[in-house]
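1. I would like the atomic coordinates for the input below:
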Amino acid sequence: MKIEQIYTGCLAQGAYYIESNGEVAIIDPLREVQPYIDKANADNATIKYIFETHFHADFVSGHVTLSEKTGAPIIYGPMANPSFKAHIATDGEIFKLGDITITLLHTPGHTMESSCYLLKDNEGKDYALFSGDTLFLGDVGRPDLAQKAADMTQEQLAGILFESLRSKIMTLPDDVIVYPAHGAGSACGKNLSKETVGSIGQQKETNYALRADMSKEEFIKEVTDGLLPPPAYFPMNVKMNKEGYANVEEIISNAKPFNPDTFELIANETDALILDVRHQDEFEKGHVPKSIFIGLDGGFAPWVGALILDIKQPILLVTPSGREEEAIKRLARVGYDNTIGYLDGSFTAWKNAGKEYDTVESVSASQLEIELNQKAKVFDVRKPGEYIAEHIIDVPSTPLDFINDYLSEFPKQEKFFLHCAGGYRSMIAASILKARGFHNVVNVLGGFSAIKNTSIKTSNYVCPSTLK
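-> Down below sits the predicted model:
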């Protein structure tokens, strides 16, 4: 028996490859499926099942394409209603895979079709639980995403999740391995651990939502407290996962390389968004005017989903040379399929063609200290929790996730400064503001990590009610 967790850090998502005696099951695959097929071929094995824990909101799963390519059935739990052919399993249904079995446990609450998969080894012993978004390490799935589909409140869904956890999960042996669908950084929960593999026993001891003495009312309150609004792209991803989608290979082939003149012409004559995915240091030195920066080497997909509100908007890419296909694939993972092309030769070609370009002014944290002494305006674009933990005194919180809500607060004429934790998010914010005509924005290099090494005064508390 082989169990492989295929973890994608950008999405904080875990897919699973399980092989036993020449038969393979894939759980919650990514949209590009060839790696799973290649693994099975290398093992001289056949993909027999594609298990989905639920209709995912934060990424487009590869179930449809993988089934088309392999003939393996797609398995969902009770109450799933996909538009494509799938096997809707019953609670407790058993699937034989080589010398092992996989039992579906219906665990509604995150969504009504949410299910976990319990793997029993060749001796029939409970061995591992693939817990989807029902149980994370340190947290459980948020109960607010499926309110409309289930015609229930988040409190009602949380109550159902409480029962699922108590009746199906906490009754399992403590040594059962837990393989969740997500880790830290996912918007599908609040307090996910950085660890990606745990055990039932560990979770009973450390997960706030699995406390033995917890009442249902306490559970509902704690699970629903402090939930931030979900990213705007979530409903569209659910729709795609329910109804089907284009093959990633088609999306890649539809994106064309454009020389600088053609790239500029298309950018000027269409509503295409110019998305620059190079490193922030490269973007700072030079970029196509009005382009938005979201770097591939940061939290790329979640920030795309949070900030590009129209999932169908045409996209023109500026990428590091050789990473064009990677960028297109990673956009498609979260449902952004309309990449029409990319700048052939990257930004170097743009400069060599003598095209006009823009830059971002940046200063060091020590220079910011001087500016603060002269009453400079500074804005903190980190998340509210980071801001509450510690921030520069008298500097307001303007989280990047909701930067459009704060546009009226940024000065139109005088210079102002942005910082995040390390420089990635503040450069995203700077690019958005520059695209909206704020050319007086200055980025703080190294962010709050560098600021803490200066004598700039900070505070570690602010009343949460003052934050949006």
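
2. Residue ranges of each domain in this protein, please.
-> 2-234, 246-352, 361-466 (automatic domain parsing).

3. end-to-end on the first one?
-> Read it as domain 2-234. This stretch, domain 2-234, spans 32 Å end to end (Cα to Cα, to the nearest Å).

4. Would you indicate which residues of whichever strand or helix holds residue 37 are buried?
-> Per DSSP states H and E: residue 37 is located in helix 34-42. Under the neighbour-count criterion of 16 or more other Cβ atoms under 10 Å, helix 34-42 has 36, 39-40 buried. Using the backbone N, CA and C atoms, a C-beta is placed for each residue, glycine as well.

5. And that helix, what does it pack against?
-> Applying 3 or more Cβ pairs under 8 Å, 6 or more residues apart in numbering; DSSP states H and E, we find helix 34-42 packed against strand 13-20, strand 23-27, strand 46-51, helix 63-70.

6. what packs against the third one?
-> In terms of contacts (3+ Cβ pairs under 8 Å, 6+ apart), strand 46-51 is packed against strand 23-27, helix 34-42, helix 63-70, strand 74-76, strand 94-97, strand 100-106.

7. Highest mean neighbour count out of the ones you listed?
-> strand 23-27 (a mean of 25; mean count of other Cβ atoms under 10 Å).

8. from the chain's centre, how far out does it sit?
-> Between the centre of strand 23-27 and the centre of its chain there are 24 Å (Cα atoms, centre = their mean, to the nearest Å).

9. So which residues make contact with that strand?
-> Residues outside strand 23-27 that contact it (Cβ atoms under 8 Å, 6 or more residues apart in numbering): 15-18, 36, 39-40, 43, 45-53, 66, 72, 95, 97-98, 102, 117, 130.

10. now do the same end-to-end measure for stretch 280-291.
-> End-to-end for stretch 280-291, by Cα to Cα: 13 Å.

11. List the buried residues for it?
-> Residues of stretch 280-291 classed as buried by neighbour count (16+ other Cβ under 10 Å): 280, 282-284, 287-288, 291.

12. Point out where the stretch 351-468 of the chain drops to low pLDDT.
-> Where the stretch 351-468 of the chain drops to pLDDT under 70, the residues are 461-468.

13. For it, which segments count as strands?
-> With strands called from DSSP state E, counting those that start in this stretch, the stretch 351-468 of the chain shows them at 361-363, 377-380, 391-392, 416-419, 441-444, 458-459.

14. Would you tell me which one of those is buried the most?
-> Greatest average neighbour count among these goes to strand 416-419 (a mean of 25), per mean count of other Cβ under 10 Å.

15. What strands line up against that one, and which way round?
-> strand 377-380 (parallel), strand 441-444 (parallel) (DSSP bridges).

16. Redo the buried residues of helix 34-42 as TSV? Include pLDDT and distance to residue 382.
-> Listed next are the buried residues of helix 34-42 as TSV, based on pLDDT from 0 to 100; distance: Cβ to Cβ, whole Å:
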residue	pLDDT	distance to residue 382
36	98	36
39	98	38
40	98	43
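
17. Pick out whichever of those residues sits closest to residue 226.
-> Using Cβ to Cβ, residue 36 is the member of those that lies nearest residue 226, at 36.2 Å.

18. State the distance from the closest one to residue 65.
-> 10 Å (Cβ to Cβ, to the nearest Å).

19. Do a quick rundown of the strands in the stretch 101-250 of the chain.
-> Using DSSP E, counting those that start in this stretch, the strands of the stretch 101-250 of the chain run over residues 115-120, 126-132, 177-180, 198-199.

20. Those: which one's closest to residue 191?
-> strand 177-180 (12.8 Å).

21. per-residue confidence averaged over that closest one?
-> Mean pLDDT, strand 177-180: 98.

22. Sort out which residues of it are buried, please.
-> For strand 177-180, by 16+ other Cβ under 10 Å, it's 177-180.

23. coming back round to it: please check the contacts of strand 23-27 and keep the buried ones.
-> Neighbour-count burial (16+ other Cβ under 10 Å) is assigned, among the contacts of strand 23-27, to 15-18, 36, 39-40, 45, 47-53, 66, 72, 95, 97-98, 102, 117, 130.
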